[in-house]
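Colleague: I would like the atomic coordinates for the input below:
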Amino acid sequence: MTFDTFLAGAVSAVGIATGAAYVPQAARIWKRRSSDDVSIVTYLLFLGGQLVYLVYGIRFRQPPIVIGMAANVAGSLAVIGSALRFRTRA
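Modeller: Numbers count the residues shown, from 1 in each chain. The predicted structure follows:
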């Protein structure tokens, strides 16, 4: 195995792991049925950056970046969707 092959696998794995890191926040929102303490703006900013990296990975045919950012986009969307679903109106 070459270093480049190892690195590509590591980047993919880390991308998936960071995407999975959003699951506890989304699960907490659903469990509490409240997202009042979650900043939707923060997650929208994360999403914006993730989409830029995703497009970059697609454009330059970098599967590890595409895999990782796709997982992160899914995680961000899960939190944003959950937060919007359970946001109470003031």
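Colleague: hey, where'd the helices end up in the chain?
Modeller: For the chain, the helices defined by DSSP state H occupy 3-20, 23-32, 40-59, 63-85.
Colleague: And the first one, what does it pack against?
Modeller: By that I understand helix 3-20. Where contact means 3 or more CB pairs under 8 Å, 6 or more residues apart in numbering; DSSP states H and E, helix 3-20 is packed against helix 63-85. Every residue, glycine included, has its C-beta placed from N, CA and C.
Colleague: How far off centre is the helix it packs on?
Modeller: In this view, helix 63-85 has its centroid 3 Å away from the chain centroid, taken as CA atoms, centre = their mean, to the nearest Å.
Colleague: circling back: I'd like the helices of the chain as TSV, with mean neighbour count and mean pLDDT appended.
Modeller: Putting the helices of the chain into TSV (neighbours: other CB atoms under 10 Å; pLDDT from 0 to 100) gives the following:
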stretch	mean neighbour count	mean pLDDT
helix 3-20	14	95
helix 23-32	14	96
helix 40-59	14	98
helix 63-85	19	97
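Colleague: now T18: how far from P63?
Modeller: 16 Å (CB to CB, to the nearest Å).
Colleague: likewise D37?
Modeller: In terms of CB to CB, D37 sits 36 Å off from P63.
Colleague: repeat for G81
Modeller: From G81 across to P63, the span is 26 Å (CB to CB).
Colleague: same question, I80
Modeller: Applying CB to CB to I80 and P63 gives a distance of 25 Å.
Colleague: With A8 instead?
Modeller: Here the criterion is CB to CB. By it, A8 lies 7 Å from P63.
Colleague: Identify the residue nearest T18 in space, chain neighbours excluded?
Modeller: Take T18 and drop its neighbours on the chain: the residue closest to it by CB to CB, 6 or more residues apart in numbering is N72, 5.9 Å away.
Colleague: mind listing what the one you found touches?
Modeller: Contact partners of N72, counting by CB atoms under 8 Å, 6 or more residues apart in numbering, are G15, T18, G19, Y22, F46, Q50.
Colleague: Nearest to T2, out of these: which one, please.
Modeller: Closest to T2 out of those is G15 (19.8 Å), distances taken as CB to CB.
Colleague: right, and the closest one touches I65 too?
Modeller: Yes. Between G15 and I65 there is a contact under CB atoms under 8 Å: 7.4 Å.
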